[in-house]
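>>> Curious how this folds, go ahead:
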Amino acid sequence: MKVYWWSLLWLLTGSPLLAQNHARNLRTLAAVKEAEKQIVLLNNQSRLVPLADLRDVRIASVHCGGSHPAVFDSIASKYAPVTGFSLGSSPNDSAFFALHDRLKLHNLILITLSESSPFGPGLLNFIREQQASNRVLVVLTGSGQNLAFLDPLTAPVIWSPGNTVEGTAAAAQLIFGGIGTANRLPVSYSKPFQQGSGFTTPKTRLGYSVPEAVAVNSDRLAVIDSLVEVSIAQHVTPGAVVLLAKDGQVIFHKAYGHHTYTNEEVTKLDDIFDLASVTKVSATTPAIMRLYDQKRVDLNAPISKYVAQTRLIPDKATLTVREALLHEAGYTPYIKFYEQLKPLDLSADSSADFPTKVADRYFLRKNYFEEVMWPVTLKSKVETRGRYVYSDVSMYMMKEVIETATHQKLNDFVLNELYRPLGLQATGFLPRNRFPRSRIVPTTENDNWFRNMRVQGYVNDPGAAMAGGVEGHAGLFGTANDLAILYQMYLNKGTYGGVGYIDPATITLFTAEQSAASGRGYGFARATKPVTKPYPSAQAYGHSGYTGTYVWVDPRYNMVYICLTNRVYPDDGKTYGKPALNLRGLILDKFYEAVLQGN
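Have a look, this model is predicted:
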């Protein structure tokens, strides 16, 4: 157990100080597999397990003598927000009643018990009362004789015979579909819990394990720590979060460095990064895919079908959605909207006349997008139609298409249609409206575009900032674990957690090569040809972001790679050109090499 505890601590904290070790992880893996062979799901007639839609779930984790509560809550919180409560070892009626009242805002109660739990009428009445008004799930570790105490319950019960870290972690993952099970009780313990009892459930979500679980030697991943640490020392980036998932398992998830070079905030696994152009394939493109499935957007239709003002502009009237997604519509690559700003357009105070917040104590006048930015966009020249020219303007157009087709703002549409149901906890636009500033990694110390101050929690891209923080090309913020879920859904051909979000054929269409000129898919970047190494495969796709972000999926190797940095800190671009700047690509190479050696 001690061996596994250190491996699990690495997995939960992401600390590079806890180096991986192949021999130790093999022992860990053996213990994990043994725990997974023994765990049994009972009383699941309601099919609560595995949890499906996580959109409105508010989870309380109640520990009443349960073993390893920190491990259980840490694993569970990778799937959904979890609030932990403890009843202590010998609660009285007063303690049960007080906890009952504290649980009033929760609608799913996870109760962990072990051999040291205070089995008695008070505990049983507490569970029954919760069961009457909430969804309840009981996790019991230790002797199966204690199952008889749970006879009166109808709530699902997960039983793991050992009071071990492995069993606790397996139970937390089983609840959410991180692992599946087909195990049955080996003997009878009571009338409801007879020999052979048990339910079969599939694996529906990402699991969390060591690299050896997918035949990757963790010793071969140690070089990644060195790559990141050298990059931090060279001031390529002050910090990073790196994640690799393979075969449906997160096997590498580490946080490095600090938010800034002054070491004021240690980088954490769940820190929120400005994703920059990763927005294009994490918000705009999946929205288009969803609308394509629903036949509300036609790839071959002119954008003018949805954006009426372009019908009056000869060089834009016939440009298609397909061309924009391929960056072949001929739009200008980038418009410096901040050059249009006048002193009277900005204010240090918020008011009805200055509602758009672009930074702390920095507000833009109302209707600036409609009166200045959008007319400038419409007047911009189209000069290279039919040729690949990467353009942010194409995604400004796609945002307008999405909002016309859905009658919703882009940020609301993706939040409600994708992020919340998938269980993404932090990914979205306008993070300062939802999270403390300290959790959001700053992009620049002195924005040299137009704000001239630290930019933290407001989108780095000036155009997206001036548009109110929500645009098709930039503005999305997120965490590595959230992105792993989203891109695992892509890798699963549109399904995650047992729910279908995008049709498999649509995923295949958008991620396949759709342009001989660029090799790109619809929205997605693909490997540059010719490929001179055994990797990436011809099916791989992803995207990079200017702030130092990178996402990559390779179906052949069944892997998802996420790298989040804030390389533009502190001065947005002055480190450009350093040899070590390709940190994101170097790490991906090492992951590929480790996977290939494992195979």
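>>> Show me where the stretch 451-599 of the chain has its strands.
476-478, 495-496, 499-500, 525-526, 541-545, 549-554, 559-565 (DSSP state E, counting those that start in this stretch).
>>> Buried deepest among these, which one?
Most buried of those, by mean neighbour count (mean count of other CB atoms under 10 Å): strand 476-478, with a mean of 30. C-beta: built from backbone N, CA, C; applies to glycine.
>>> which residues are contacting it?
Strand 476-478 is contacted by residues 272-275, 278-279, 282-283, 424, 426-429, 431, 440, 457, 459 when judged by CB atoms under 8 Å, 6 or more residues apart in numbering.
>>> how does it look with 7 Å?
272-275, 278-279, 282-283, 426-429, 431, 440 (CB atoms under 7 Å, 6 or more residues apart in numbering).
>>> In a markdown table: the strands of the stretch 451-599 of the chain, plus distance to L140 and mean pLDDT.
As requested, the strands of the stretch 451-599 of the chain are exported to a markdown table (distance: least, CB to CB, whole Å; pLDDT from 0 to 100):
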| stretch | distance to L140 | mean pLDDT |
| --- | --- | --- |
| strand 476-478 | 36 | 98 |
| strand 495-496 | 29 | 98 |
| strand 499-500 | 28 | 96 |
| strand 525-526 | 48 | 97 |
| strand 541-545 | 42 | 98 |
| strand 549-554 | 38 | 98 |
| strand 559-565 | 34 | 98 |
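>>> Just put those in TSV and tack on distance to K381.
What follows is the strands of the stretch 451-599 of the chain, written out as TSV (distance: least, CB to CB, whole Å):
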stretch	distance to K381
strand 476-478	28
strand 495-496	41
strand 499-500	42
strand 525-526	25
strand 541-545	26
strand 549-554	30
strand 559-565	34
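>>> mind checking which of these is nearest R55?
Smallest distance to R55 across these (CB to CB): 10.1 Å, for strand 499-500.
>>> what's the spacing between the most centrally placed residue in the chain and A80?
Among the residues of the chain, the one closest to the centroid is D482, at 0.8 Å (CA atoms, centre = their mean). Distance of D482 to A80, given as CB to CB, to the nearest Å: 12 Å.
>>> Show me the contacts of strand 476-478 that map onto helices.
Within these, residues falling in helices by DSSP state H are T279.
>>> got JSON lines for the contacts of strand 476-478, with distance to L364 too?
Conversion of the contacts of strand 476-478 to JSON lines gives the following (distance: CB to CB, whole Å):
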{"residue": "I272", "distance to L364": "23"}
{"residue": "F273", "distance to L364": "24"}
{"residue": "D274", "distance to L364": "19"}
{"residue": "L275", "distance to L364": "22"}
{"residue": "V278", "distance to L364": "25"}
{"residue": "T279", "distance to L364": "20"}
{"residue": "S282", "distance to L364": "25"}
{"residue": "A283", "distance to L364": "22"}
{"residue": "A426", "distance to L364": "25"}
{"residue": "T427", "distance to L364": "25"}
{"residue": "G428", "distance to L364": "21"}
{"residue": "F429", "distance to L364": "16"}
{"residue": "P431", "distance to L364": "19"}
{"residue": "I440", "distance to L364": "20"}
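>>> circling back: run through the residues that contact the residue nearest to the centre of the chain.
Per CB under 7 Å, 6+ apart, neighbours of D482: 424-427.
>>> With K493 instead?
504, 507.
>>> could we number from 718 for the rest of this?
In the new count, where the first residue is 718, that last one comes out as K1210.
>>> where does Y721 land on pLDDT?
pLDDT recorded at Y721 is 43.
>>> Below-threshold pLDDT in this protein: ranges please.
718-737, 1290-1298, 1316 (pLDDT under 70).
>>> Ignoring the adjacent residues along the chain, who's closest to the residue lying farthest from the centre of it?
Seen from the C-alpha centroid of the chain, the residue lying at the greatest distance (CA atoms, centre = their mean) is K908, 43.0 Å away. Leaving aside its chain neighbours, K908 sits nearest to D868 (6.8 Å; criterion: CB to CB, 6 or more residues apart in numbering).
>>> again with L1281
F990 is the one closest to L1281 (CB to CB, 6+ apart), at 4.3 Å.
>>> next one: F893
Y796 (4.1 Å).
>>> For that neighbour, grab phi and psi.
phi -100, psi -30 (degrees, to the nearest 10).
>>> measure it to K1012 for me?
In terms of CB to CB, Y796 sits 32 Å off from K1012.
>>> quick one, which of those two is more surrounded?
Each of Y796 and K1012 has its neighbours counted (other CB atoms under 10 Å); Y796 has more, 26 against 7.
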